[in-house]
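J.: Here is my input, please return the structure:
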Amino acid sequence: MPQMEEFIESCLKGASREIAAARGAGLTIKSKGRNDKATSADLAAEKFIVGKIRRDFPDSLVLSEESYEQADLEHGSLFVIDPIDGTHNFIQGIPLWGVSIAHYSEGKPMAGGIYLVPQGELLYAEKGKAATCNGKRIAVSRTGKLEDFFLLCDTRLHRISEQGFLPGLVSLEKMSQHTRFLGSTVHDMGYVACSKADACMSFRLKPYDFAAAAFIAERAGATATDHDGKRWTLSTSKFLISNGRQHKRIIDVLHEKEK
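T.: Next up, the predicted model:
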């Protein structure tokens, strides 16, 4: 059985090669629903990763966006995969997408890696070890004032509005330095982990969206909770991940407890 870091890195980089080959062969795109698409590259990357898991960790379960959408989140060995996070960016040729793989045991994160392929940045974390990017230790920012915060946010404004958070988000946008919408959870959370952003907010995620990235951010020193300040699990769907210095205030503004 390979070391987990070596295994996840080989899966991430191998999947990126499968994605490049699929794009080179001409992408096929299928619609899974409104604003929900998968490509032949997603499927090729997923097939590659699952094949390696089946070979090297045959007793493990797999939860993945495209073909393995149901699994016991409390299983003793669970791999959570997003073969392409930011598929719509990928389709449009926008270089903000990546591959995500995490390993959990009984619902607890043990290891996770995200590969921001266009940027060539591979972020990794493991239980008991510091988070790294391309082998170098990373840490969250030290920005103290909310007025200086660079925020990243989920792109689906209608979803934010339906949940009643849009007024709070607008208030945060006015109060902070900048708010950006990237369309890629691995970039949002990864950039907080690397101190390129000070906080990110998400409003409806699935486990495969955040399983690796939230863990990496946390290992880099981030505070990671839901929008009520409760620590996240694989069942969490709404996220706030920040450098911790204005975490409660951001939650209060989102809920409009501060005007």
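J.: use CA for all of it now, contacts and neighbours both
T.: Will do.
J.: low pLDDT regions in the stretch 151-259 of the chain?
T.: 257-259 (pLDDT under 70).
J.: Apply 50 and report the result again.
T.: Along the stretch 151-259 of the chain, the model assigns pLDDT under 50 to no residue.
J.: Tell me where it has strands.
T.: 178-180, 199-202, 223-225, 239-242 (DSSP state E, counting those that start in this stretch).
J.: any chance of the ones you listed in a markdown table, plus distance to L61 and mean neighbour count?
T.: Formatted as a markdown table, the strands of the stretch 151-259 of the chain follow (distance: least, CA to CA, whole Å; neighbours: other CA atoms under 10 Å):
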| stretch | distance to L61 | mean neighbour count |
| --- | --- | --- |
| strand 178-180 | 35 | 17 |
| strand 199-202 | 26 | 26 |
| strand 223-225 | 25 | 23 |
| strand 239-242 | 25 | 28 |
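J.: and the gap between G244 and S141?
T.: Between G244 and S141 the distance is 9 Å, computed by CA to CA, to the nearest Å.
J.: so what sits against both of the two?
T.: Between them, G244 and S141 share no contacting residue under CA atoms under 8 Å, 6 or more residues apart in numbering.
J.: Tell me which of the strands of the stretch 151-259 of the chain approaches V186 most closely.
T.: strand 199-202 (10.8 Å; CA to CA).
J.: Let's see stretch 91-100 as PDB, backbone CA atoms only.
T.: This file holds the C-alpha atoms of stretch 91-100, laid out as PDB (Å, rounded to 0.1, in the frame of the first residue of the first chain):
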ATOM      1  CA  ILE A  91     -15.600  24.300 -20.500                       C
ATOM      2  CA  GLN A  92     -15.300  28.000 -21.200                       C
ATOM      3  CA  GLY A  93     -11.500  27.900 -21.200                       C
ATOM      4  CA  ILE A  94     -11.300  30.000 -18.000                       C
ATOM      5  CA  PRO A  95      -8.200  28.800 -16.000                       C
ATOM      6  CA  LEU A  96      -9.900  28.400 -12.600                       C
ATOM      7  CA  TRP A  97     -10.500  24.800 -12.100                       C
ATOM      8  CA  GLY A  98      -8.900  21.900 -10.300                       C
ATOM      9  CA  VAL A  99      -8.900  18.200  -9.200                       C
ATOM     10  CA  SER A 100      -9.800  17.300  -5.600                       C
END
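J.: buried stuff in it?
T.: Neighbour counts over stretch 91-100 (16 or more other CA atoms under 10 Å) mark 91, 96-100 as buried.
J.: Repeat that for stretch 134-146.
T.: 138-141, 143, 146.
J.: Same question for stretch 117-129.
T.: 117, 121-126.
J.: how about TSV for those, with distance to Y191 and pLDDT added?
T.: As requested, the buried residues of stretch 117-129 are arranged in TSV below (distance: CA to CA, whole Å; pLDDT from 0 to 100):
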residue	distance to Y191	pLDDT
V117	14	98
E121	11	98
L122	12	98
L123	10	98
Y124	13	98
A125	14	98
E126	18	98
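J.: what sits opposite T39 in the beta ladder?
T.: I29 (DSSP bridges).
J.: And C153, by the same measure?
T.: Legend: beta-bridge partners of C153 under DSSP bridges are M201.
J.: residues touching it, list them.
T.: With CA under 8 Å, 6+ apart, C153 has these contacts: 179-182, 188, 200-202.
J.: counting contacts, what elements does the helix ranked longest in the chain pack onto?
T.: Taking DSSP state H as the criterion, the chain has its longest helix at helix 4-25. Helices and strands touching helix 4-25, by 3 or more CA pairs under 8 Å, 6 or more residues apart in numbering; DSSP states H and E, are helix 40-56, strand 98-105, strand 108-116, strand 121-126.
J.: any chance of the ones you listed in CSV, plus distance to N134?
T.: Converted to CSV, the helices and strands packed on helix 4-25 look like this (distance: least, CA to CA, whole Å):
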stretch, distance to N134
helix 40-56, 20
strand 98-105, 15
strand 108-116, 10
strand 121-126, 5
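J.: that older thread, mind putting the strands of the stretch 151-259 of the chain in JSON lines, distance to Y104 included?
T.: As requested, those are arranged in JSON lines below (distance: least, CA to CA, whole Å):
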{"stretch": "strand 178-180", "distance to Y104": "30"}
{"stretch": "strand 199-202", "distance to Y104": "21"}
{"stretch": "strand 223-225", "distance to Y104": "17"}
{"stretch": "strand 239-242", "distance to Y104": "19"}
